[in-house]
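Visitor: just the structure for this:
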Amino acid sequence: QVQLVESGGGLVQPGGSLRLSCAASGRTFSTYVMEWFRQAPGKEREFVAAISRGGGTRWYADSVKGRFTISRDNAKNTVYLQMNSLKPEDTAIYYCAATPTYTRAKDGMDYWGKGTLVTVSS
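Guide: Okay, here's the model as predicted:
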């Protein structure tokens with residue numbers, strides 16, 4: 001079992017930055033690909049970013065490429081999402097998830113956190 005707890009969401013102005021964290025329980029964190037998804041009001045949950053088990057490979061949705069950076073610290077069982085140049089359309093609940101194999105399909109995740117709300121507004 002892996003439990004995931006997100007933190008770091010909040011209200012930020014357009015063009016601002018936020019750093020999300022996702023803390024994982026258990027001793028198997030480093031065996032999972034870690035991913036971030038988001039869900040805006042009235043929309044489907046969508047893939048944002050993923051990072052390989054060792055952190056050497058990263059994947060991004062086109063909508064966030066160049067603005068967001070995913071990273072992980074296996075010693076701390078934590079994955080991060082640094083979000084820069086935020087736009088109003090980035091407003092959503094952000095979820096972290098764990099999967100044994102990289103996929104952008106939300107049905108492919110084994111574990112989910114409960115999410116943290118990010119609101120981008122002036």
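
Visitor: C-alpha only now, for contacts and for neighbours.
Guide: Will do.

Visitor: check which helix or strand covers the residue most central in space within the chain.
Guide: Closest residue to the average C-alpha location of the chain: Trp36 at 2.5 Å, with C-alpha atoms, centre = their mean. Per DSSP states H and E: Trp36 is located in strand 33-39.

Visitor: which strands and helices sit next to that strand?
Guide: Applying 3 or more C-alpha pairs under 8 Å, 6 or more residues apart in numbering; DSSP states H and E, one finds that strand 33-39 makes contact with strand 46-51, strand 92-99.

Visitor: picking that back up, identify the bridge partners of the residue nearest to the centre of the chain.
Guide: Counting by DSSP bridges, Trp36 is bridged to Ala49, Cys96.

Visitor: got the contact list for it?
Guide: Residues near Trp36 by C-alpha atoms under 8 Å, 6 or more residues apart in numbering: 47-50, 81, 94-97.

Visitor: could you redo the last one with a cut-off of 10 Å?
Guide: Counting by C-alpha atoms under 10 Å, 6 or more residues apart in numbering, Trp36 touches 20, 22, 46-51, 60, 70, 79-81, 94-98, 104, 106, 112-113, 115.

Visitor: quick one on the thing from earlier: could I get the buried residue list for the strand holding Trp36?
Guide: Buried residues in strand 33-39, counted by 16 or more other C-alpha atoms under 10 Å: 33-39.

Visitor: off-centre distance for that strand?
Guide: 4 Å (C-alpha atoms, centre = their mean, to the nearest Å).

Visitor: what angle sits between that strand and strand 92-99?
Guide: Angle of strand 33-39 versus strand 92-99, following axes from the mean of the first three to the mean of the last three C-alpha atoms, to 10 degrees, is 150 degrees.

Visitor: got the CA positions of strand 33-39 in CSV?
Guide: Taking C-alpha atoms only, strand 33-39 is exported to CSV below (Å, rounded to 0.1, in the frame of the first residue of the first chain):
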residue,chain,number,x,y,z
VAL,A,33,6.8,6.0,-11.6
MET,A,34,5.2,9.1,-10.1
GLU,A,35,2.8,11.3,-12.0
TRP,A,36,0.8,14.5,-11.6
PHE,A,37,-2.7,14.9,-13.0
ARG,A,38,-5.1,17.8,-12.7
GLN,A,39,-8.9,18.3,-13.0
